[in-house]
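Undergrad: quick one, structure for this:
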Amino acid sequence: MRQRNRGRATLAAAAAMCAVTALPGQAYAAGEPAAYLFVPGAKAVPGAEVSTDASALEPGSVYKSSIKPGEKLYYRLYLDADTNAYVSAVVVPKAGGKVAYGDGITVSIRDSRDLQCSSEDARFEAAEFPHPIAAYAYRVTDKDSSPCQDAGTYNVLIERESKATSTPDTWDLELRYESEPKLKKGGTAPTEAPEDWPSASPTPPTQAKKEERPGGTSYYDATSLETGTWTDGIKPGQTLFYRVPVDWGQQIFATVDLGNSVGGSDEYVGNALALSLDNPAHGHVDDASPLSYSGKPASVSLDPLPPVRYENRFTFSADESAMRFAGWYYLSVSLSPKVAHAYGEKAIPMILKVQVENAATTSPYGGSAGIFGVTQDDKDMARSGQSAPQADKSNTMKTVGAAGIGAGAVLVLGLGAWTLLARRRAAAAVGGPAGGAAGRQPYGGPPQAW
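TA: The predicted structure follows:
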């Protein structure tokens with residue numbers, strides 16, 4: 001039985017190693033931008049045109065769905081009376097299509113009487129080319145608010161608007177449902193947004209860290225960054241994703257510098273590059289004014305945003321309200337496919353400057369903060385540049401290594417014990433009667449291979 005168990009441990013280690021090699025990768029044609037990488041294992045869930053037919057979403061889960069032009073689709077939530085719930089939708093249009101100004105979706109959460117808890121739009125504006133955009137809606141508990149405070153069934157409604165001039169393709173949706181941790185027992189959180197906060201961009205450090213960090217294709221495989229100057233290249237039609245851990249009390253600043261084109265062209269491409277920031281619940285925070293390009297160096301920055309504070313949620317400014325919890329903040333950089341007509345399909349050199357200011361303050365939550373907090377592991381990933389899949393692969397390899405060392409140690413100990421017993425039995429048999437134990441292998445012979 002022990003041998004079989006050791007065999008199973010070895011097989012488990014081998015299986016884990018195989019699982020590592022099966023981790024998701026990026027498959028795409030040579031020279032083409034990689035497609036958006038959805039979370040592996042995300043459950044496919046259809047939206048319902050009738051609310052009573054809606055599929056239920058579970059907290060902490062990721063789903064894949066889709067929406068056609070003009071559709072209004074329902075999904076269902078079951079909420080208690082004291083949990084803050086957030087549902088986000090990432091819109092992923094097909095590459096090569098056409099979108100118009102104002103195309104997009106509206107995400108809202110509504111109670112059983114169809115009273116709206118909150119809503120947010122994700123729209124294509126000046127950057128009128130297909131690229132992922134995100135929005136979220138939430139239900140938060142507030143004793144001073146009457147709608148959406150009771151326990152019961154709630155609906156998530158996603159509505160799509162598309163102009164007649166837009167490509168009538170079905171858009172993929174990536175849906176996430178997260179519950180916010182509860183506040184510390186006995187603690188009281190401020191109920192008003194701060195009136196003053198540093199609103200000037202800091203002076204970049206003169207010795208900022210600088211190295212290459214290729215961006216990911218989605219929120220799932222976004223490349224981790226910390227304060228520093230990070231180089232990459234972006235192709236026309238491509239969107240690159242990065243993530244930065246921003247703790248309580250900290251501010252994030254970001255700038256994209258686009259390099260010049262080599263080849264002599266100076267054709268003007270309006271609204272060529274978009275820089276966007278989303279919060280840990282994948283709710284949209286802010287985007288920079290789209291950057292135009294004429295083959296010369298160009299730069300664009302996010303406007304200064306407030307430090308991360310729980311009480312930011314009480315402001316009427318949408319971008320400031322979205323800075324309401326700590327965790328991974330996501331930067332996405334998108335380059336218009338129109339750039340290819342003037343400057344070719346090759347990647348244009350890019351520098352992403354990231355700066356996180358201020359020392360971290362205490363979390364207002366009791367217990368684990370989940371995605372709404374910054375851990376030492378998060379900081380380590382930001383320092384090394386690991387994405388979430390790379391970190392998972394690294395952890396799996398460590399488990400495989402430990403399992404392999406454990407199985408090997410058991411094998412060595414087993415063989416050592418057998419050898420010792422064999423020697424003792426042989427020594428005891430010296431001078432013994434014929435037909436005795438001399439030369440007989442202990443316990444039926446050496447351990448069998450597994």
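Undergrad: and Y365, what is it in contact with?
TA: By C-beta atoms under 8 Å, 6 or more residues apart in numbering, the contact list for Y365 reads P181, K182, L183, K184, F372, G373. Placement of C-beta: from N, CA and C, glycine included.
Undergrad: got it, and E128?
TA: By C-beta under 8 Å, 6+ apart, E128 lies in contact with V99, A100, Y101, N271.
Undergrad: what do you get if the cut-off is 10 Å, keeping everything else the same?
TA: Contacts for E128 (C-beta atoms under 10 Å, 6 or more residues apart in numbering) come out as K98, V99, A100, Y101, G102, D103, S166, G270, N271, P290, S336, K338.
Undergrad: for it, helix, strand, or coil?
TA: State at E128, reduced to three classes by DSSP: H, G, I helix; E, B strand; the rest coil: coil.
Undergrad: what score does it have for pLDDT?
TA: Looking at E128, its pLDDT is 94.
Undergrad: and for E58?
TA: Per the predicted model, pLDDT is 97 at E58.
Undergrad: flag the least confident of the contacts of E128.
TA: Scoring the contacts of E128 by pLDDT puts P290 last, at 91.
Undergrad: surely that residue meets A127?
TA: Yes. Taking contacts as C-beta atoms under 10 Å, P290 lies within contact range of A127: 4.6 Å.
Undergrad: list residues touching both of the two?
TA: In contact with both P290 and A127: G270, N271, A272, L273, A274, L275, S334, S336, using C-beta under 10 Å, 6+ apart.
Undergrad: next one: T165 relative to S289, how far apart?
TA: Distance of T165 to S289, given as C-beta to C-beta, to the nearest Å: 23 Å.
Undergrad: neighbour count for these two, which is higher?
TA: Set T165 next to S289 and count neighbours by other C-beta atoms under 10 Å: S289 wins out with 15 against 10.
Undergrad: who does the nearest residue to that one once chain neighbours are set aside form a beta bridge with?
TA: For S289, ignoring the flanking residues on the chain, the nearest one in space by C-beta to C-beta, 6 or more residues apart in numbering is V300 at 6.8 Å. Judged by DSSP bridges, the bridge partners of V300 are V256.
Undergrad: where does V300 land on pLDDT?
TA: The score at V300 is 96. That number is its pLDDT.
Undergrad: what's around it, how many residues?
TA: 19.
Undergrad: ok, back up a step: which of P290 and A127 has more residues huddled nearby?
TA: Between P290 and A127, counted using other C-beta under 10 Å, A127 has the larger neighbour count: 24 against 20.
Undergrad: now do the strands in the stretch 101-250 of the chain.
TA: When secondary structure is read from DSSP state E, counting those that start in this stretch, the stretch 101-250 of the chain shows strands at 104-110, 116-123, 133-139, 152-161, 171-179, 210-212, 223-224, 228-234, 239-246.
Undergrad: I'd like those strands as TSV, with mean pLDDT appended.
TA: Formatted as TSV, the strands of the stretch 101-250 of the chain follow (pLDDT from 0 to 100):
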stretch	mean pLDDT
strand 104-110	98
strand 116-123	96
strand 133-139	97
strand 152-161	98
strand 171-179	98
strand 210-212	89
strand 223-224	98
strand 228-234	96
strand 239-246	98
